[in-house]
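Colleague: Make a model of this:
(one chain, ligands or ions: 2)
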Amino acid sequence: MELRNEGRKNPKQNNGRKGAAPLKRVDGAFGLKKKEAPAPKKKPSAKNVVPPADPKPLLKADGTPDIREAVLETVCGVTSRLPENTLPEIAFAGKSNVGKSSLLNALVNRKALARTSAQPGKTQTINFYRVNGVVYFVDLPGYGFANASEAARISWGKMIENYLHRSERLKTVFLLADIRHKPSENDRMMYDWIADRGLRAVIIATKSDKINRSQLAGRVREIRETLGCPADTPVIPFSAETRAGRHEIFAEIVRSMEADAVEEETGVQETQ
Ligand SMILES: Nc1nc2c(ncn2[C@@H]2O[C@H](COP(=O)(O)OP(=O)(O)O)[C@@H](O)[C@H]2O)c(=O)[nH]1
Ligand SMILES: [Mg+2]
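Modeller: Numbers count the residues shown, from 1 in each chain. Ligands and ions are numbered 1, 2, ... in the order given. Here you go, the predicted structure:
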(Lines give C-alpha, C1' and ligand atoms only; values in the text may rest on other atoms or scores of the structure.)
(Ligands and ions follow the chains in the order given, each with its own letter.)
Protein backbone atom coordinates (compact mmCIF):
# COMPACT_ATOMS: atom_id res chain seq x y z
CA MET A 1 0.00 0.00 0.00
CA GLU A 2 1.21 3.46 -0.70
CA LEU A 3 0.19 6.04 1.83
CA ARG A 4 -0.72 9.44 0.58
CA ASN A 5 0.89 12.67 1.51
CA GLU A 6 -0.83 14.67 4.20
CA GLY A 7 -0.26 18.08 5.73
CA ARG A 8 1.41 18.25 9.11
CA LYS A 9 0.43 21.28 11.06
CA ASN A 10 3.26 21.68 13.52
CA PRO A 11 6.42 20.02 12.32
CA LYS A 12 8.57 21.95 14.76
CA GLN A 13 6.45 21.40 17.81
CA ASN A 14 8.35 21.08 21.08
CA ASN A 15 9.56 17.53 21.12
CA GLY A 16 9.31 17.14 24.87
CA ARG A 17 12.72 15.45 25.12
CA LYS A 18 14.26 17.98 27.49
CA GLY A 19 15.42 16.31 30.66
CA ALA A 20 14.08 12.99 29.44
CA ALA A 21 15.60 9.78 30.70
CA PRO A 22 17.83 8.05 28.14
CA LEU A 23 16.26 5.36 26.03
CA LYS A 24 16.89 1.95 27.51
CA ARG A 25 18.27 -0.46 24.97
CA VAL A 26 19.37 -4.04 25.10
CA ASP A 27 22.80 -4.21 23.49
CA GLY A 28 23.15 -6.33 20.42
CA ALA A 29 19.48 -7.08 20.08
CA PHE A 30 18.80 -4.82 17.12
CA GLY A 31 17.64 -5.93 13.74
CA LEU A 32 19.96 -3.32 12.26
CA LYS A 33 23.04 -4.62 14.05
CA LYS A 34 26.27 -4.42 12.08
CA LYS A 35 27.41 -7.71 10.67
CA GLU A 36 30.11 -9.19 12.86
CA ALA A 37 32.90 -11.60 11.97
CA PRO A 38 31.80 -15.24 12.41
CA ALA A 39 31.94 -15.99 16.10
CA PRO A 40 34.28 -18.71 17.36
CA LYS A 41 32.53 -21.66 18.99
CA LYS A 42 32.15 -20.57 22.55
CA LYS A 43 29.46 -19.46 24.91
CA PRO A 44 27.54 -16.55 23.39
CA SER A 45 28.78 -13.32 24.91
CA ALA A 46 26.37 -11.45 27.13
CA LYS A 47 26.39 -8.69 24.53
CA ASN A 48 24.52 -10.81 22.01
CA VAL A 49 21.92 -12.21 24.32
CA VAL A 50 18.73 -10.52 25.34
CA PRO A 51 18.39 -11.03 29.07
CA PRO A 52 15.72 -13.66 29.73
CA ALA A 53 12.47 -12.01 30.55
CA ASP A 54 10.95 -12.68 33.92
CA PRO A 55 7.26 -12.84 33.06
CA LYS A 56 5.02 -10.61 35.15
CA PRO A 57 1.27 -10.16 34.63
CA LEU A 58 0.27 -6.85 33.06
CA LEU A 59 -2.50 -6.27 35.58
CA LYS A 60 -2.68 -6.35 39.36
CA ALA A 61 -5.34 -8.46 41.07
CA ASP A 62 -7.62 -5.40 41.16
CA GLY A 63 -7.32 -4.99 37.38
CA THR A 64 -5.07 -1.93 37.36
CA PRO A 65 -2.00 -1.95 35.05
CA ASP A 66 1.28 -2.99 36.69
CA ILE A 67 4.26 -2.27 34.42
CA ARG A 68 7.51 -3.67 35.78
CA GLU A 69 9.60 -3.69 32.64
CA ALA A 70 9.59 -2.00 29.23
CA VAL A 71 12.61 -2.51 27.03
CA LEU A 72 13.25 -1.54 23.43
CA GLU A 73 14.41 -4.94 22.24
CA THR A 74 14.48 -4.80 18.45
CA VAL A 75 14.56 -2.04 15.87
CA CYS A 76 13.78 -3.04 12.28
CA GLY A 77 14.54 -0.95 9.23
CA VAL A 78 13.26 -1.53 5.71
CA THR A 79 15.79 -4.25 4.95
CA SER A 80 15.89 -5.91 8.39
CA ARG A 81 14.48 -9.32 9.01
CA LEU A 82 11.58 -9.36 11.41
CA PRO A 83 12.28 -10.98 14.78
CA GLU A 84 10.78 -14.42 15.36
CA ASN A 85 9.13 -13.53 18.61
CA THR A 86 7.64 -16.09 20.91
CA LEU A 87 5.47 -13.58 22.75
CA PRO A 88 2.25 -12.04 21.45
CA GLU A 89 2.53 -8.69 19.69
CA ILE A 90 0.24 -5.66 19.86
CA ALA A 91 0.95 -3.06 17.18
CA PHE A 92 0.29 0.69 17.24
CA ALA A 93 -0.29 2.56 13.99
CA GLY A 94 -1.35 6.04 12.98
CA LYS A 95 -0.54 9.26 11.24
CA SER A 96 2.55 11.16 12.38
CA ASN A 97 1.82 13.51 15.27
CA VAL A 98 -1.36 11.66 16.24
CA GLY A 99 0.12 10.98 19.70
CA LYS A 100 1.50 7.46 19.28
CA SER A 101 4.75 7.99 21.21
CA SER A 102 2.84 9.82 23.95
CA LEU A 103 0.42 6.90 24.21
CA LEU A 104 3.20 4.28 24.39
CA ASN A 105 5.00 6.27 27.07
CA ALA A 106 1.78 6.70 29.06
CA LEU A 107 1.00 2.98 28.81
CA VAL A 108 4.36 1.96 30.26
CA ASN A 109 4.68 4.90 32.69
CA ARG A 110 7.82 6.29 31.11
CA LYS A 111 8.65 9.83 30.07
CA ALA A 112 10.59 8.93 26.98
CA LEU A 113 10.63 5.25 26.15
CA ALA A 114 9.27 6.11 22.74
CA ARG A 115 10.39 9.39 21.23
CA THR A 116 7.74 12.06 20.89
CA SER A 117 7.54 14.27 17.83
CA ALA A 118 10.21 12.62 15.72
CA GLN A 119 11.36 15.01 13.04
CA PRO A 120 10.06 14.53 9.51
CA GLY A 121 12.46 12.63 7.30
CA LYS A 122 13.98 10.71 10.20
CA THR A 123 14.68 7.06 9.47
CA GLN A 124 11.47 5.11 9.89
CA THR A 125 11.67 1.89 11.84
CA ILE A 126 9.46 -0.70 13.48
CA ASN A 127 10.32 -0.78 17.18
CA PHE A 128 9.58 -3.77 19.40
CA TYR A 129 9.21 -2.96 23.10
CA ARG A 130 9.10 -5.98 25.38
CA VAL A 131 6.74 -5.32 28.28
CA ASN A 132 6.78 -7.30 31.55
CA GLY A 133 8.33 -10.20 29.66
CA VAL A 134 4.86 -11.20 28.41
CA VAL A 135 4.05 -9.07 25.35
CA TYR A 136 5.59 -6.82 22.71
CA PHE A 137 4.25 -3.35 21.99
CA VAL A 138 5.17 -2.75 18.37
CA ASP A 139 5.54 0.88 17.31
CA LEU A 140 4.87 1.11 13.56
CA PRO A 141 6.24 4.05 11.58
CA GLY A 142 3.83 6.98 11.39
CA TYR A 143 2.49 7.97 8.00
CA GLY A 144 1.65 11.24 6.34
CA PHE A 145 4.57 13.58 6.73
CA ALA A 146 3.89 16.51 4.42
CA ASN A 147 7.41 16.62 3.05
CA ALA A 148 8.04 12.89 2.77
CA SER A 149 9.42 11.86 -0.59
CA GLU A 150 7.58 9.44 -2.84
CA ALA A 151 10.31 6.86 -2.20
CA ALA A 152 9.99 7.27 1.57
CA ARG A 153 6.21 6.80 1.42
CA ILE A 154 6.55 3.66 -0.64
CA SER A 155 9.15 2.24 1.72
CA TRP A 156 6.91 2.89 4.77
CA GLY A 157 4.05 1.17 3.05
CA LYS A 158 6.20 -1.83 2.20
CA MET A 159 7.55 -2.04 5.71
CA ILE A 160 4.12 -1.98 7.32
CA GLU A 161 2.61 -4.34 4.77
CA ASN A 162 5.46 -6.80 5.26
CA TYR A 163 5.04 -6.72 9.02
CA LEU A 164 1.24 -7.05 8.96
CA HIS A 165 1.48 -10.02 6.63
CA ARG A 166 4.44 -11.84 8.11
CA SER A 167 4.19 -11.52 11.85
CA GLU A 168 2.72 -14.69 13.28
CA ARG A 169 2.21 -13.39 16.79
CA LEU A 170 0.44 -10.19 15.81
CA LYS A 171 -3.25 -10.32 16.69
CA THR A 172 -4.39 -6.79 17.39
CA VAL A 173 -3.54 -3.43 15.86
CA PHE A 174 -4.38 -0.27 17.73
CA LEU A 175 -5.11 2.39 15.14
CA LEU A 176 -4.80 5.92 16.47
CA ALA A 177 -6.93 8.80 15.17
CA ASP A 178 -7.00 12.34 16.55
CA ILE A 179 -10.37 12.79 18.24
CA ARG A 180 -10.71 16.32 16.81
CA HIS A 181 -10.47 15.34 13.16
CA LYS A 182 -12.32 13.17 10.71
CA PRO A 183 -10.06 10.19 9.87
CA SER A 184 -8.11 10.72 6.64
CA GLU A 185 -8.01 8.59 3.51
CA ASN A 186 -4.75 7.09 4.83
CA ASP A 187 -6.41 6.18 8.12
CA ARG A 188 -9.16 4.43 6.20
CA MET A 189 -6.64 2.54 4.10
CA MET A 190 -4.78 1.51 7.23
CA TYR A 191 -8.01 0.34 8.85
CA ASP A 192 -8.98 -1.66 5.75
CA TRP A 193 -5.53 -3.21 5.66
CA ILE A 194 -5.83 -4.38 9.26
CA ALA A 195 -9.34 -5.76 8.69
CA ASP A 196 -8.44 -7.43 5.37
CA ARG A 197 -5.54 -9.17 7.06
CA GLY A 198 -8.00 -10.63 9.58
CA LEU A 199 -6.46 -8.81 12.51
CA ARG A 200 -8.46 -7.31 15.31
CA ALA A 201 -8.57 -3.51 15.14
CA VAL A 202 -9.02 -1.31 18.18
CA ILE A 203 -9.36 2.41 17.49
CA ILE A 204 -7.88 4.91 19.91
CA ALA A 205 -9.26 8.44 19.63
CA THR A 206 -6.26 10.45 20.88
CA LYS A 207 -5.96 13.85 22.60
CA SER A 208 -9.41 13.56 24.16
CA ASP A 209 -8.48 16.36 26.60
CA LYS A 210 -8.69 18.79 23.67
CA ILE A 211 -12.46 18.51 23.31
CA ASN A 212 -15.40 19.04 25.64
CA ARG A 213 -17.06 16.09 27.25
CA SER A 214 -20.27 16.98 25.42
CA GLN A 215 -18.53 16.54 22.04
CA LEU A 216 -17.07 13.12 22.88
CA ALA A 217 -19.85 10.81 21.72
CA GLY A 218 -20.26 12.73 18.44
CA ARG A 219 -16.53 12.61 17.66
CA VAL A 220 -16.38 8.88 18.41
CA ARG A 221 -19.38 8.31 16.14
CA GLU A 222 -17.75 10.22 13.28
CA ILE A 223 -14.52 8.21 13.61
CA ARG A 224 -16.47 4.96 13.64
CA GLU A 225 -18.56 5.93 10.62
CA THR A 226 -15.65 7.30 8.58
CA LEU A 227 -13.55 4.19 9.11
CA GLY A 228 -16.55 1.92 8.64
CA CYS A 229 -15.97 -0.04 11.86
CA PRO A 230 -18.48 -2.71 12.85
CA ALA A 231 -20.22 -2.24 16.20
CA ASP A 232 -17.91 -4.70 17.95
CA THR A 233 -14.77 -2.70 17.11
CA PRO A 234 -13.88 -0.70 20.20
CA VAL A 235 -13.26 3.04 19.83
CA ILE A 236 -11.52 4.23 23.00
CA PRO A 237 -11.00 7.94 23.72
CA PHE A 238 -7.57 8.51 25.27
CA SER A 239 -5.58 11.43 26.66
CA ALA A 240 -1.86 11.30 27.36
CA GLU A 241 -2.36 14.41 29.51
CA THR A 242 -5.00 13.02 31.86
CA ARG A 243 -4.34 9.34 31.07
CA ALA A 244 -8.10 8.84 30.62
CA GLY A 245 -8.68 5.62 28.70
CA ARG A 246 -5.46 3.90 29.84
CA HIS A 247 -7.23 1.14 31.77
CA GLU A 248 -9.63 0.43 28.90
CA ILE A 249 -6.67 0.09 26.54
CA PHE A 250 -4.98 -2.37 28.89
CA ALA A 251 -8.21 -4.36 29.10
CA GLU A 252 -8.10 -4.69 25.28
CA ILE A 253 -4.40 -5.66 25.38
CA VAL A 254 -5.09 -8.40 27.91
CA ARG A 255 -8.09 -9.58 25.91
CA SER A 256 -5.92 -9.87 22.84
CA MET A 257 -3.24 -11.77 24.76
CA GLU A 258 -5.83 -14.21 26.07
CA ALA A 259 -7.15 -14.82 22.55
CA ASP A 260 -3.56 -15.35 21.38
CA ALA A 261 -2.94 -17.88 24.16
CA VAL A 262 -6.06 -19.85 23.17
CA GLU A 263 -4.93 -19.83 19.53
CA GLU A 264 -1.40 -20.94 20.40
CA GLU A 265 -2.75 -23.80 22.46
CA THR A 266 -5.48 -25.03 20.16
CA GLY A 267 -4.38 -23.70 16.78
CA VAL A 268 -7.92 -22.39 16.40
CA GLN A 269 -8.52 -18.71 15.91
CA GLU A 270 -11.04 -17.37 18.37
CA THR A 271 -13.76 -15.34 16.76
CA GLN A 272 -13.56 -11.91 18.29
N1 LIG B 1 -3.15 17.77 24.62
C2 LIG B 1 -2.61 16.62 24.23
N3 LIG B 1 -1.50 16.63 23.45
C4 LIG B 1 -0.99 15.44 23.06
C5 LIG B 1 -1.56 14.20 23.46
N6 LIG B 1 -0.85 13.21 22.91
C7 LIG B 1 0.14 13.79 22.20
N8 LIG B 1 0.08 15.13 22.28
C9 LIG B 1 0.98 16.10 21.65
O10 LIG B 1 0.95 15.90 20.23
C11 LIG B 1 2.25 16.02 19.67
C12 LIG B 1 2.63 14.74 18.94
O13 LIG B 1 2.70 13.69 19.89
P14 LIG B 1 3.61 12.40 19.63
O15 LIG B 1 3.34 11.49 20.78
O16 LIG B 1 5.02 12.76 19.36
O17 LIG B 1 2.95 11.85 18.28
P18 LIG B 1 3.48 10.73 17.26
O19 LIG B 1 4.14 11.47 16.14
O20 LIG B 1 2.24 10.05 16.83
O21 LIG B 1 4.41 9.83 18.01
C22 LIG B 1 3.18 16.34 20.83
O23 LIG B 1 3.35 17.74 20.89
C24 LIG B 1 2.42 15.86 22.05
O25 LIG B 1 2.76 16.54 23.22
C26 LIG B 1 -2.73 14.24 24.29
O27 LIG B 1 -3.33 13.22 24.68
N28 LIG B 1 -3.21 15.46 24.64
MG1 LIG C 1 6.33 9.21 17.54
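Colleague: how about the nearest residue to the residue most central in space within the chain, chain neighbours excluded?
Modeller: The chain has residue 92 as the residue nearest its centroid, 2.3 Å off, counting by Cα atoms, centre = their mean. Closest residue to residue 92 apart from its sequence neighbours, by Cβ to Cβ, 6 or more residues apart in numbering: residue 174 at 4.9 Å. Yep, even glycine has a C-beta here, placed from its N, CA and C like the rest.
Colleague: For that neighbour, give me its contacts.
Modeller: If you count contacts by Cβ atoms under 8 Å, 6 or more residues apart in numbering, residue 174 has them with 90, 91, 92, 93, 201, 202, 203, 204, 249, 252.
Colleague: Next: residue 231.
Modeller: By Cβ under 8 Å, 6+ apart, residue 231 has no neighbours at all.
Colleague: hang on, it in a helix?
Modeller: No - according to DSSP: H, G, I helix; E, B strand; the rest coil, the state of residue 231 is coil, so it is not within a helix.
Colleague: returning to that earlier point: Throw the contacts of residue 174 into a markdown table and include secondary structure, distance to ligand 1 and pLDDT, thanks.
Modeller: Compiled in a markdown table, the contacts of residue 174 are given as follows (DSSP: H, G, I helix; E, B strand; the rest coil; distance: Cβ to the nearest ligand atom, whole Å; pLDDT from 0 to 100):
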| residue | secondary structure | distance to ligand 1 | pLDDT |
| --- | --- | --- | --- |
| 90 | strand | 16 | 97 |
| 91 | strand | 14 | 98 |
| 92 | strand | 9 | 97 |
| 93 | strand | 10 | 96 |
| 201 | strand | 17 | 98 |
| 202 | strand | 16 | 98 |
| 203 | strand | 15 | 98 |
| 204 | strand | 10 | 98 |
| 249 | helix | 12 | 98 |
| 252 | helix | 17 | 97 |
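Colleague: Looking at the residues you listed, which is nearest ligand 2?
Modeller: residue 92 (9.5 Å; Cβ to the ion).
Colleague: ok, now which ones touch that closest one?
Modeller: Residue 92 neighbours (Cβ under 8 Å, 6+ apart): 100, 103, 104, 137, 138, 139, 140, 173, 174, 176.
Colleague: filter those down to the ones near ligand 1?
Modeller: residue 100 (Cβ under 6 Å from any ligand atom).
Colleague: Drop anything exposed from the contacts of residue 92.
Modeller: By neighbour count, with 16 or more other Cβ atoms under 10 Å, those hold 100, 103, 104, 137, 138, 139, 140, 173, 174, 176 as buried.
Colleague: Which one of those residues is nearest to residue 236?
Modeller: For those, the residue nearest residue 236 by Cβ to Cβ is residue 174; the value is 8.7 Å.
Colleague: Who does the helix or strand harbouring that closest one pair with, and is each partner parallel or antiparallel?
Modeller: Using DSSP states H and E, residue 174 falls within strand 170-178. Under the criterion DSSP bridges, strand 170-178 sits next to strand 89-94 (parallel), strand 200-206 (parallel) in its sheet.
Colleague: before we move on, back to that, tell me which of the contacts of residue 92 fall in strands.
Modeller: Secondary structure assignment by DSSP state E places 137, 138, 139, 173, 174, 176 of these in strands.
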